[in-house]
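1. Here you go, sequence then predicted model.
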Amino acid sequence: MSNSECLESYNNLQKLYASTEINERCVDIDFGFAFICAMASSELELEQWMPLLFVNGESSFSSERMASDFAQTVLAIYQQVNQTFEQGLPLQLMIQNSISAEQDATFNFANGYLQALTLIDNMQSSHFEEGSAEANLQQTCFLLLDKLATLETDDAQKMAVFTQLPTNSEIVALLPELLTHYGQLCLAVQK
């Protein structure tokens, strides 16, 4: 996905989120964007994950137009990210420039991607062989996203691990290529 395509898709999503109806009924925009991006690497059907973009798990809109616009935007992002993974291009993240300015965006993005990866791991039939390079990459993605998604924890063991990891800004810089490589591997396993 080129920078302009990614920006355009994210801007379309932002336009939808300008609606009070979308804001009230859907998950956070950065969470949703990340969730869609992660789903582009899965074999799960749209019906299995799209309801998770809604706060109550159901899509109900006041108009067919709103429902259609939302679905088209989600599908456009999904298809663009899927092509990005297939082509091995670095995933363009809207949080890359906001790590210090908007910690919430980074937190929500990481949470969305992490929850999607967890769902994929639990529901998908294809898995990586334990101890393989692919499984290690999967664990790396989970670990780095978990660090970004954890604002506070009383878990001393977890904090000890987190202190050995790169800083949040370094993780955000790594994510485009890391998530693309992981997405590419996931798609290859499905073929």
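-> Perfect, I can see it now.
2. List the beta-bridge partners for residue 26.
-> Per DSSP bridges, the residues bridged to residue 26 are residue 54.
3. so it touches residue 58, yeah?
-> No. Using CB atoms under 8 Å, residue 26 is not in contact with residue 58, being 11.1 Å away. (Glycine included, C-beta is placed from N, CA and C.)
4. More neighbours: which of these two?
-> residue 26 (20 against 8; other CB atoms under 10 Å).
5. Can you tell me how far the more buried one is from residue 150?
-> Distance of residue 26 to residue 150, given as CB to CB, to the nearest Å: 24 Å.
6. and the helix or strand harbouring residue 106, what does it pack onto?
-> Of the helices and strands defined by DSSP states H and E, residue 106 is found in helix 103-123. Secondary-structure packing of helix 103-123 (3 or more CB pairs under 8 Å, 6 or more residues apart in numbering; DSSP states H and E): helix 29-39, helix 46-49, helix 133-149, helix 168-190.
7. ok now the longest one, how far from the chain's centre?
-> Its chain's C-alpha centre lies 10 Å from the corresponding centre of helix 168-190 when counted by CA atoms, centre = their mean, to the nearest Å.
8. What mean pLDDT does that helix get?
-> The average pLDDT for helix 168-190 rounds to 91.
9. Residues touching it, excluding its own?
-> Residues from elsewhere that reach helix 168-190, judged by CB atoms under 8 Å, 6 or more residues apart in numbering: 37-38, 40-43, 81-82, 84-86, 88-93, 95-96, 99-100, 106, 113, 120, 126, 128, 134, 137-138, 140-141, 144, 147-148, 165-166.
10. avg pLDDT for stretch 120-140?
-> 85.
11. CA-only coordinates of that stretch, as CSV, when you get a sec.
-> Included here for stretch 120-140 are C-alpha records, laid out as CSV according to Å, rounded to 0.1, in the frame of the first residue of the first chain:
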residue,chain,number,x,y,z
ILE,A,120,-6.6,-15.2,14.2
ASP,A,121,-4.4,-17.5,16.3
ASN,A,122,-7.4,-18.9,18.1
MET,A,123,-9.7,-19.4,15.1
GLN,A,124,-7.4,-20.1,12.2
SER,A,125,-6.7,-23.7,11.1
SER,A,126,-3.1,-23.0,9.9
HIS,A,127,-0.5,-22.5,12.6
PHE,A,128,3.3,-22.2,12.6
GLU,A,129,5.4,-25.1,13.8
GLU,A,130,6.6,-24.5,17.3
GLY,A,131,10.2,-23.3,17.4
SER,A,132,10.2,-22.3,13.7
ALA,A,133,11.4,-18.9,12.5
GLU,A,134,7.8,-18.1,11.7
ALA,A,135,6.6,-19.0,15.2
ASN,A,136,9.4,-16.9,16.7
LEU,A,137,8.4,-13.9,14.5
GLN,A,138,4.8,-14.4,15.6
GLN,A,139,6.0,-14.3,19.3
THR,A,140,8.1,-11.2,18.6
